[in-house]
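Participant: Here is a sequence together with a model predicted from it:
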Amino acid sequence: MRRLSHAEQYLIDYGVTKPRHIDLEALAWTMGAKVKYKRLSSCEAKITGLGDRAIITIDDSSGDRRARFSLSHEIGHWQRHRNQILSCSKQDIGGVNGQGAHKEREADRYAADFMMPAYLYRPLMREFKKPSFKSIDALAEEFQASRKASALRYIDVDRSESMLICFGPNGRKWFRGSKDWPDEWAPKRDHDPDSGVMELLFGKTTPGADRSLVPASAFFGRYSAENHNVYAHSVISRSRGGQTDAEVMTFIVPQNSDMFDDVYASRGW
Ligand SMILES: [Zn+2]
């Protein structure tokens, strides 16, 4: 069995057996940290710790679910980087692709484990036999997480192959594959006309209610992509601030498990 992380062990010791038991403020209190909410001008969240006590301040103007992730992130700092005064910007909290300071990524990992512990998230995600943003959104609702945080969590705890790609007007911004997704199958850098991403980005169509089957070559440039299909579900993840801020997130799973056989063959498996 997989070893539990510090965050997950803390939740288990505290008797958390359902997502709705994860009362972040009460849990922070058990760690000696008091939580306050107010508008912050220079950062999104901060923590001031002294000895066994800390005050965590959260700016919740980006919504309750984002605030929950920020609070979990600060709890991560409290557990991992004690006796430091830290202030975290929007970019520090919930960054993708492992960029940014080591401490921030450590706090993010703690946050994901604390808010969506794998021992609760994974059994619930298995109930969805046809994963898409419908299931990711249902899980987000269950854990009171943002859509993006839930999608990244899905990828990180998935034991089969899935991938999340984020596109902006200039092409691919970032992507993350589940642990077993082979590096050889990296997504295309540019929008492919068959992906439908451009139309979504520029408001010419609306997102589908569920995933659809498309040729793998709509998202992947690998030579064998022509021979396979993937289930893809694209949604608009952020559109405030006009077109320059528009983002499309696409969640992908292979139609058949033989899609990666060429990779395994070339590796000599
Ligand atoms: Zn931080």
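Facilitator: Received it, and whenever you're ready, just let me know what you need.
Participant: what lines up beside the helix or strand hosting I55 in the sheet?
Facilitator: Element membership of I55, judged by DSSP states H and E, is strand 53-58. Sheet neighbours of strand 53-58, with direction, are listed as strand 33-37 (parallel), strand 45-50 (antiparallel) (DSSP bridges).
Participant: what sits against the residue in the stretch 1-150 of the chain that the ion sits nearest to?
Facilitator: When scored by C-beta to the ion, the stretch 1-150 of the chain has C88 as its residue closest to the ion, at 3.2 Å. No exception for glycine: its C-beta is placed from N, CA and C like everyone else's. The contact partners of C88, taken as C-beta atoms under 8 Å, 6 or more residues apart in numbering, are 43-46, 70, 73-74, 77, 104, 107.
Participant: so which of those are also by the ion?
Facilitator: Applying C-beta under 5 Å from the ion to the contacts of C88, one finds that 104, 107 fall near the ion.
Participant: Columns neighbour count and secondary structure on top of the contacts of C88, output as CSV?
Facilitator: Listed next are these as CSV, based on neighbours: other C-beta atoms under 10 Å; DSSP: H, G, I helix; E, B strand; the rest coil:
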residue, neighbour count, secondary structure
C43, 16, coil
E44, 25, coil
A45, 29, strand
K46, 19, strand
S70, 28, helix
H73, 30, helix
E74, 31, helix
H77, 27, helix
E104, 21, helix
A107, 29, helix
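Participant: Can you tell me which of the contacts of C88 is nearest M259?
Facilitator: Lowest distance from M259 to the contacts of C88 (C-beta to C-beta) belongs to E104, with 34.2 Å.
Participant: Isn't the closest one up against G95?
Facilitator: Yes - contact criterion C-beta atoms under 8 Å: E104 and G95 qualify, at 6.6 Å.
Participant: my guess is Y10 meets F114, correct?
Facilitator: Yes - with contacts counted by C-beta under 8 Å, Y10 reaches F114, the gap being 7.5 Å.
Participant: Name the residues contacting each of these two.
Facilitator: L27.
Participant: ok, the two, which is more surrounded?
Facilitator: Comparing Y10 with F114 by neighbour count (other C-beta atoms under 10 Å), the higher total belongs to F114, at 27 against 20.
Participant: How much space separates the more buried one from S87?
Facilitator: Distance, F114 to S87, using C-beta to C-beta, to the nearest Å: 20 Å.
Participant: residues touching the residue of the stretch 151-269 of the chain found nearest the ion, list them.
Facilitator: Using C-beta to the ion, the single residue of the stretch 151-269 of the chain nearest to the ion is L152, 16.4 Å away. Neighbouring residues of L152 by C-beta under 8 Å, 6+ apart: 96, 112, 164, 176.
Participant: Looking at those residues, which one is closest to D192?
Facilitator: The shortest approach to D192 among the contacts of L152 belongs to L164, at 16.8 Å (C-beta to C-beta).
Participant: So the closest one versus A118, what's the distance?
Facilitator: From L164 over to A118 (counting by C-beta to C-beta), the distance is 17 Å.
Participant: Between the two, which has more neighbouring residues?
Facilitator: Neighbours were counted for L164 and for A118 using other C-beta under 10 Å; L164 has more, 23 against 18.
Participant: show me what contacts D59?
Facilitator: Counted by C-beta under 8 Å, 6+ apart, D59 has contacts 37-40, 43-45, 67, 70.
Participant: mind running it again at 6 Å?
Facilitator: D59 makes contact with 39-40, 44, according to C-beta atoms under 6 Å, 6 or more residues apart in numbering.
Participant: R82 now?
Facilitator: Here R82 is in contact with no residue (C-beta under 6 Å, 6+ apart).
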